[in-house]
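1. Based on what follows, work out the 3D shape:
(2 chains)
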Number of protein chains: 2
Amino acid sequence: MTILIKNILLNNQTTDIFIDGNTFSKIEPNINIPADTVIDGSRKAILPAFYNTHTHAAMSVLKGLGDDKPLFDWLNQDIWPIESLLSPDDIYDATRLAILEMIKTGTVFFSDMYWFMEKSIQAVCEMGIRAAVSLVQFDLFDEEAARKKKEMALDFYNQPNPCPERIVKSISCHAVYTVSEDLFKWTAEFARKNDLFIHIHASETAKEVEDCFAKYGKSPIEKLEEWNLLGPKTILAHAIHLSEKDIEILNRHEVSLATNPASNMKLCSGLFKFEKLLKSHCNLTLGTDGSASNNNLSMLEEMKLCSLAAKIESMDASAGKAQDIFRIATRNGAQAFGLNAGIIEEKALADCILVDLDNVFLTPDYNLISNIVYASDSSCITDVLCNGQILMRNRIIKDEKEIIKKAQKLSGKIRELKKKAQEEQKK
Amino acid sequence: MTILIKNILLNNQTTDIFIDGNTFSKIEPNINIPADTVIDGSRKAILPAFYNTHTHAAMSVLKGLGDDKPLFDWLNQDIWPIESLLSPDDIYDATRLAILEMIKTGTVFFSDMYWFMEKSIQAVCEMGIRAAVSLVQFDLFDEEAARKKKEMALDFYNQPNPCPERIVKSISCHAVYTVSEDLFKWTAEFARKNDLFIHIHASETAKEVEDCFAKYGKSPIEKLEEWNLLGPKTILAHAIHLSEKDIEILNRHEVSLATNPASNMKLCSGLFKFEKLLKSHCNLTLGTDGSASNNNLSMLEEMKLCSLAAKIESMDASAGKAQDIFRIATRNGAQAFGLNAGIIEEKALADCILVDLDNVFLTPDYNLISNIVYASDSSCITDVLCNGQILMRNRIIKDEKEIIKKAQKLSGKIRELKKKAQEEQKK
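-> Got it, this is the predicted structure:
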C-alpha cells in the first residue's frame, strides 16, 4: 500500500510525501511516483500524531459518572464498584469508543492499563491504532490474589500477539497502595526476563507518599528502585510528589514519566514539576489518564493544560513552552515505547495528522505549533494516518455510528449497575 | 420570524420549542404551530449559549505572535507595538474573525474592550451576535491624552446605536497602571450619568497591586471604590490578587467579576479565588480574554480550565463544580449585562446552542452538563441561535471562507509591521 500526499506544508515548506508500507519513504517536492492513494495536501499541514502514554481506555464509558471528588473517594464510590462488574465484551465496546475519540483527536498510540486485555487488543487490531497493552497487577496485599495475578500474567504473555506491528505487550503494577512487595518484585523480574515495558502509577497524591513512608519508611520512588522496577523501559504515570532524592533516582534510571495534567488538576492530586523534570535525564511524555477523570482523551487539550499547569507550578510564564509541550506529546511519547515515530522524516513510521490551515482556530498562522498547542481543537484535524494506513479521512472514521450505538447501549447497563451498587451500599 | 424545534432534549426531557421573534415563546411537547423554519431536534439537546464577559475580540489576529512570556513583557514587546498600527478596517476584519470563532464555539455575546468601536459594532451588527462594546479609557497619565479620550467618549456615546436589540455600549478603563485618577473619576461620573456598564481590568497581577500600593497607598479595588467606579453595573476582569478587605468592598457593591483562567495561567498572573467568590455577593462570570493571551475564544475550553483552576487554587477537588461553572458561563454572564438570557425558558431571549448527542465526546450521556464542561469541544455544537436568528446551522456559518481569507491577508500585513517594529527597536 502506497500513499502520496501532494503539496502539503511541513515545517513551513511545501513538499510532497510518499508513504510506502508503514514508513515515510520519500519527502521532497514534486514526487512523481504512482501511488494507491493520492491525497491533496494543499491548504493543509502535516504534523506528527500524538502518543498518549498513560490512559485506561475502557474507562471512556465511565465518563461523567463521578465528578468533583478527590482521587480516593472517586475510586471507592464511583469507579471501582462499577468497574468490577464489567464483562470482557463491555471492555471491547468501551475500548472501541476510546479509540474512536483518540483518532478524532489525532492520537495513534496509547499505553493502556486495564484488564481483559485480549479485548483491548482485539479493538486495537481492528481499528488500526497502536497500543502498549498491559496486564495490570493489583492484589490489595492478598496472597491468593497475587498468585492468581502471576498466573494471569504468565498466561497473557504466553499468548501470541495477533498484531505485533502495532501492539506491544507491557506489564503494569497499579500502585504502592494496591500491590504487595511480593507482586512488585515478581513483576520486576518477569518484566526483565521478557524485556517488557513496565507501567506504574507513582507518587500521584501526597497521601500515597505519606502512607508509603508510614508503611515502608521510604517514598514510592525509593521502594520502586529497591524492588528493581526502574529503568529506561519503565513509564511512571503522574510522578507529582517527588523529593529531590526521588528525582535523583529517576534521573539515574532514565525512566520515562507520563504527566497527566487534566486528571491531576481534576482530582486535585497536584502539579507536575514540569520545567525541573524537562531538564532532567527522564524522558517526559504526556497522557490523558482515563476519561473518567479527565473527561476526554484529547491530547490537543492535554497539551494546553500541560503548558498552563507548568506555568502555574513554577509561576513562570516561560515554563511549558509550546515547542517543548508538542515534543513530549509526540516524539518523546513514541520513543518511550521504542517507536521511531512522532516525527515526519524519511524512514520514520508513517504516523501523522493533517490539519486544515483554513480552520478558524489556526488563523492567523504565525506559529503553527503555538496554534496547535494553545488554540486548536479536534475540528482542526482532517485526516489521521497510522502505520501507513488512513484511519480518518476528511473527519470520517469507519464504523463510527456503530461504535457510538454500542457504547450508548453499554451505558444503559452501567446505569443499572450503578443503581444496584448504590442499593447494596445502603444495606 | 418563527422557528419550531421538534423533539429536542431539554433538562433530560424531550420537548418542542417555539421561537417567536427574539424569545422562546412556548416550550412543551407536541407543539403544532406553523413556523418559518422547522428544526428536527432528535438526538440533539438544547442548552443556553455562552456569554463571554471579557475579551478583546480584535486581538484574534494577534494570536501566536508572542507566547510563553509574563504579562508586561508580552504587552510591551509583542502586543502594543503592533496594536498601535492597526487601522479601523483591520479591526473590522479581526473582529469578524473573532465572532466567527465565537459562533463556532457556541458564544452569542461578548463584552469587548478595544478601540475603533464603530468597526466592532459593524461586525457585530452584520454577524448577528450580541455584544457590549466599550470605548477604552487609556491615557498613560498624560493630560492631553485624557482630554482626547473624554472627547472620544462624548462623541462615541452621542452616535446612534445601529443595533440596540443586540448591542449595548459600555465604557472601559484599562487599568490603574494605565489610567489617571482624573480620567477614572471622569469616567465614573460619565457612566453614572449615562447609565453605562463599566468594564475594568483590576488586580490582575501581584505587580499591579504592589505598584498601586506604592503609588496610592491603597489596593486597586480600594482606589476604584474611592473613585466611584464600583456597582452592580461594573464588570471587573481578572480580580485575582484580592485582600479580604477588597472582597468585602466588592461584595458590598455587588459587582460582576469576569474570571479568565486561560489567560491568567498562560501569562502566569495567578489563580482566581473561585469558591470564595462564588459564595460572595459578587456575580461570577467567565471570559476568555483576547486570543493573543489564551489563544482561543472557546468558552467550552474556558469552562474546563475554570473548574481545574478552581480545584488547584483551593486544593479541593469539589471546588469548581460543573453545574456552577456552566451557570457562570451562561446565565450569570447574561445577567451581568442585564439580559434575560442564558437560560432556556419561556419569555427568555432565544439564544441557545444545539449539541449532537451522538458525538463521541458526549457519549455516554450520564450527565450532559459534566460532558459539556469537562469533555466536549466545538465539534459537539451543531447549531447556534441568537436573538431568535440562526447563526450556525449544521456547523455552517455565512461568509466563513471570506472572513478567513481577509484575516489571512491581514496577518500578512501584521507580519510586515512586526518586522518593521523589530527593526525600529534595534535602532
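
2. Name whatever forms a beta bridge with the spatially most central residue of chain A.
-> For chain A, the residue nearest the mean C-alpha position is A:N52 (2.6 Å; C-alpha atoms, centre = their mean). Beta-bridge partners recorded for A:N52 (DSSP bridges): A:F110.

3. Okay, it and chain B: tell me how far apart.
-> 15 Å (C-beta to the nearest C-beta, to the nearest Å). Where C-beta positions appear, they are placed from N, C-alpha and C, glycine not excepted.

4. got it, and A:D89?
-> From A:D89 to chain B the distance is 16 Å (C-beta to the nearest C-beta).

5. Please apply the same query to A:P364.
-> Taken as C-beta to the nearest C-beta, the span from A:P364 to chain B is 3 Å.

6. ditto for A:L47
-> 15 Å.

7. Just the pLDDT for that residue.
-> On pLDDT, A:L47 comes in at 98.

8. Can you get me a residue count around it?
-> 22 (other C-beta atoms under 10 Å in any protein chain shown).

9. With A:A153 instead?
-> 22.

10. Spatially nearest residue to it (excluding sequence neighbours)?
-> A:L135 (5.5 Å; C-beta to C-beta, 6 or more residues apart in numbering or on different chains).

11. Confirm the one you found sits in a strand?
-> Yes: per DSSP: H, G, I helix; E, B strand; the rest coil, A:L135 lies within a strand segment.

12. residues touching it, list them.
-> A:W115, A:M117, A:K149, A:M152, A:A153, A:F156, A:Y157, A:K169, A:I171, A:S172 (C-beta atoms under 8 Å, 6 or more residues apart in numbering or on different chains).

13. Turn the residues you listed into a markdown table, columns for secondary structure and pLDDT.
-> Formatted as a markdown table, the contacts of A:L135 follow (DSSP: H, G, I helix; E, B strand; the rest coil; pLDDT from 0 to 100):
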| residue | secondary structure | pLDDT |
| --- | --- | --- |
| A:W115 | coil | 85 |
| A:M117 | helix | 90 |
| A:K149 | helix | 96 |
| A:M152 | helix | 93 |
| A:A153 | helix | 93 |
| A:F156 | helix | 90 |
| A:Y157 | helix | 91 |
| A:K169 | strand | 90 |
| A:I171 | strand | 96 |
| A:S172 | strand | 96 |
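
14. Tell me who's in contact with A:A262.
-> A:A262 neighbours (C-beta under 8 Å, 6+ apart): A:T288, A:D289, A:S293, A:N294, A:N296, A:E301, A:E302, A:L305, B:K304, B:L308.

15. By neighbours, which of these wins?
-> That'd be A:T288 among these, by other C-beta under 10 Å, with 33 neighbours.

16. need the contact list for that one.
-> Per C-beta under 8 Å, 6+ apart, neighbours of A:T288: A:N52, A:H54, A:T55, A:N260, A:A262, A:S263, A:N294, A:N296, A:L297, A:S298, A:M299, A:E302.

17. Could you report the pLDDT at the third one?
-> A:T55 is assigned a predicted lDDT (pLDDT) of 97.

18. What is the distance between whichever strand or helix holds A:H199 and the centre of its chain?
-> Remark: A:H199 resides in strand A:198-202, with elements defined by DSSP states H and E. Its chain's C-alpha centre and that of strand A:198-202 lie 12 Å apart, by C-alpha atoms, centre = their mean, to the nearest Å.

19. Could you do stretch A:204-224 as well?
-> 24 Å.

20. Alpha carbons of that stretch, as PDB, please.
-> What follows is stretch A:204-224, C-alpha atoms only, in PDB (Å, rounded to 0.1, in the frame of the first residue of the first chain):
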ATOM      1  CA  GLU A 204       0.300  10.700  42.400                       C
ATOM      2  CA  THR A 205      -1.000  12.100  45.600                       C
ATOM      3  CA  ALA A 206       0.500  13.500  48.800                       C
ATOM      4  CA  LYS A 207      -1.500  10.800  50.700                       C
ATOM      5  CA  GLU A 208       0.100   8.000  48.700                       C
ATOM      6  CA  VAL A 209       3.600   9.300  49.600                       C
ATOM      7  CA  GLU A 210       2.700   9.800  53.300                       C
ATOM      8  CA  ASP A 211       1.200   6.300  53.500                       C
ATOM      9  CA  CYS A 212       4.200   4.800  51.800                       C
ATOM     10  CA  PHE A 213       6.500   6.400  54.300                       C
ATOM     11  CA  ALA A 214       4.300   5.300  57.200                       C
ATOM     12  CA  LYS A 215       4.300   1.700  55.900                       C
ATOM     13  CA  TYR A 216       7.800   1.300  54.500                       C
ATOM     14  CA  GLY A 217       9.800   4.300  55.800                       C
ATOM     15  CA  LYS A 218      10.600   5.300  52.200                       C
ATOM     16  CA  SER A 219       9.000   7.100  49.300                       C
ATOM     17  CA  PRO A 220       7.200   5.200  46.500                       C
ATOM     18  CA  ILE A 221      10.100   6.000  44.100                       C
ATOM     19  CA  GLU A 222      12.700   4.700  46.600                       C
ATOM     20  CA  LYS A 223      10.700   1.500  47.000                       C
ATOM     21  CA  LEU A 224      10.300   1.000  43.300                       C
END
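
21. what sits up against that stretch?
-> Residues contacting stretch A:204-224 (C-beta under 8 Å, 6+ apart): A:71-72, A:175-177, A:181, A:184, A:200, A:202-203, A:226, A:230, A:234, A:236-243, A:245-246, A:249-250, A:264, A:267, A:269-270.

22. ok, back up a step: what does the pLDDT read for the residue nearest to the centre of chain A?
-> 98.
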